[in-house]
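> I need the structure of the sequence given here:
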Amino acid sequence: MKKILFTLAASVVILAACNQRNSSNTEGIDTNSNSTAVTEVDSANAPIAKFQNETHDFGKIKQGEKVNFEYKFTNTGKSPLVITNATASCGCTVPEWPKTPVKPGESGAIKVTFDSANKNGLQDKLITVTANTVPAQTVVHLVGEVVTK
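This is a model prediction of the structure:
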């Protein structure tokens with residue numbers, strides 16, 4: 001009986017949470033707060049981050065070495081590109097991205113540093129770039145092999 005009541009209560013909470021409205025725009029930035037607001041852009045006028053390479057193979061490196069790479073891109077869209085975040089699939093990979101808008105026709109880069117300490121074998125690190133593009137996320141890969149010393 002307790003299990004049924006718990007399941008019923010959990011279902012009510014989940015359904016209630018699904019019905020709440022989100023006060024932020026489609027980019028996930030709250031336009032009612034004091035933070036820099038990003039205006040919504042329809043897909044026809046949205047910025048487009050066109051990467052030169054979506055995958056970089058750093059080859060074979062010795063354990064403990066660091067790899068640096070820049071994922072260069074151009075905004076081929078019709079409005080300014082605003083990157084709000086870039087996250088890696090592992091704490092061993094640190095991305096840095098432009099904090100200012102990239103105007104249409106201009107270029108930028110996501111700088112990535114991979115630290116191979118305590119890593120061994122084939123590596124495929126995902127870097128998820130979140131921006132005001134459609135879709136909002138783009139994934140680039142950093143791949144290679146770490147060999148023991």
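
> give the residue spans of the chain that score low on pLDDT.
Residue ranges of the chain with pLDDT under 70: 1-41.

> contacting residues around Thr87?
By CB atoms under 8 Å, 6 or more residues apart in numbering, Thr87 lies in contact with 95, 127-128, 130. To be clear about C-beta, it is placed using only N, CA and C from the backbone, and glycine gets the same treatment.

> now the helices: where do they sit in this protein?
Per DSSP state H, the chain has helices spanning 2-18. These are given in chain order.

> just to revisit the earlier point, tabulate the contacts of Thr87 (a markdown table), appending neighbour count and distance to Glu145.
Shown next, in a markdown table, are those (neighbours: other CB atoms under 10 Å; distance: CB to CB, whole Å):
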| residue | neighbour count | distance to Glu145 |
| --- | --- | --- |
| Pro95 | 20 | 21 |
| Ile127 | 25 | 18 |
| Thr128 | 14 | 23 |
| Thr130 | 18 | 29 |
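
> which of those lies closest to Phe58?
Nearest to Phe58, judged by CB to CB, of the contacts of Thr87 is Ile127 at 13.3 Å.
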